[in-house]
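Undergrad: Give me the fold of what follows.
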Amino acid sequence: MELSVIIPTLNEEKNIGYVLYKIPKQVWEMGEVIVVDSSRDKTPVIAQKFGAKVVRTPPKGKGHAMKIGAQEASGDILVFMDGDRTDPPEYIPLAAEAANEYDVVICARNPDHKRGSYRYRLFSYVYMPPLCRLFREIGFEIRGDPLAGFRAMRKSIWNKLKLRSNNFLIETEMNIKILLLGLSVLEIPIPTLPRGNGILKSKFIRSFDQQMQIIRTLLYLKNSNILPRLSRAKFTFLSEELLNTFNEEERLIIEEALLGRLRAHIFCSKLPTPSGYGGYYGDFLINYINFQGFNQRLKIC
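TA: Residues are numbered from 1 along each chain as shown. Take a look at the predicted model:
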């Protein structure tokens, strides 16, 4: 099997049907769609009716659901996306194909994208710049939402990341390990779409403690100045020029429905390649950084 789409859900009965309906036909034909569900509503019933494989799991957090989905997946390429309508499923074929060339593909909401919800774009202009600035200061050079959950990668890369987070910190952990492992990242800008039940129903927005944990972690790593000096991660921003590397069908999806005219921008940092990282905050920060190629261990907590 080539592709596994993994959608963690918690009480998304008003949204999951729409999300599954919008997944392109070729995705169902070439792979599987796995809904990892912890709901108390009809989400799993609706998902099964649309043909998704439903895996039930206790409500231990988004990160836990993603890890369960990866364990259940049969595909060589894993695509993770949210089940609340904020991620356009039309991007799945492009992201999956790009994962053959890049280690991690991030479909990031970008308020500068010409399509999407005007109201939600305004909201993004408020919260996204300071968040992006914090991530850039630790070396994670991304233009759109750095906490985007819509990501694709080969299963071998997922296994290499060895993610530990069980909650909303999983994207932050992944971003840090991308830097430490020196992975290549393709950022695909996507429109900022409204959440199905409204932004106030967002579980992340309501998880203030986890938001603060992410900020404290970023500030700690920024002040330590370790990641910007050590990372060899390479960031590429998808533009129309780069679309020529994909097949005609995927170019049409992007050109006709999703992407505006954007220029290519490639960031390269000059840093070594570690296999883990450490810190004080969050259940994903490990005690030591193990530097591959340097045969040394640096304690940062």
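Undergrad: what helix or strand is the residue lying closest to L147 once chain neighbours are set aside on?
TA: Leaving aside its sequence neighbours, L147 sits nearest to E171 (C-beta to C-beta, 6 or more residues apart in numbering; 4.7 Å). Where you see a C-beta, it was placed from the backbone N, CA and C, and this is true even at glycine. Following DSSP states H and E, one finds E171 within helix 170-181.
Undergrad: downstream neighbour of that helix in the secondary structure list?
TA: That would be, after helix 170-181 and using DSSP H and E, strand 184-190.
Undergrad: List the pairing partners of that following strand within its sheet, with orientation.
TA: strand 104-109 (parallel), strand 234-237 (parallel) (DSSP bridges).
Undergrad: before we move on, back to that, how much space is there between the residue nearest to L147 and K62?
TA: 9 Å (C-beta to C-beta, to the nearest Å).
Undergrad: do D37 as well
TA: According to C-beta to C-beta, D37 and K62 sit 12 Å apart.
Undergrad: give me the beta-bridge partners of the residue nearest to A98 when sequence neighbours are not counted?
TA: Among residues not flanking A98 along the chain, V105 sits closest, at 4.6 Å (C-beta to C-beta, 6+ apart). In this structure, V105 bridges to A152, L186 when assessed by DSSP bridges.
Undergrad: Can we start the residue count at 30 from this point?
TA: New numbering, starting at 30: the last item is V134.
Undergrad: Now do V134, the pLDDT please.
TA: Predicted confidence (pLDDT) at V134: the value is 98.
Undergrad: so who does it touch?
TA: Contacts here follow C-beta atoms under 8 Å, 6 or more residues apart in numbering; on that basis V134 touches A124, A127, A128, R180, A181, M182, V214, L215, I217.
Undergrad: Apply 7 Å and report the result again.
TA: If you count contacts by C-beta atoms under 7 Å, 6 or more residues apart in numbering, V134 has them with A124, A127, A128, R180, A181, M182, L215, I217.
Undergrad: and which of those residues is nearest to N40?
TA: The nearest member of these to N40, counting by C-beta to C-beta, is R180 at 22.5 Å.
Undergrad: how deep is that closest one tucked in, by neighbour count?
TA: R180 is flanked by 24 other residues according to other C-beta atoms under 10 Å.
Undergrad: for M203, same thing?
TA: 24.
Undergrad: Could you do G80 as well?
TA: Neighbour tally, G80, other C-beta under 10 Å: 11.
Undergrad: Also the one 10 residues further on?
TA: Neighbour count of G90, defined by other C-beta under 10 Å: 23.
Undergrad: give me phi/psi at it?
TA: Backbone torsions for G90, taken as degrees, to the nearest 10, come to phi 120, psi 160.
Undergrad: same check, this time on G60
TA: phi -160, psi -150.
Undergrad: and the gap between A128 and S253?
TA: Counting by C-beta to C-beta, the gap from A128 to S253 is 31 Å.
Undergrad: Over to L39?
TA: For L39, the distance to S253 equals 34 Å [C-beta to C-beta].
Undergrad: Great, nothing more from me.
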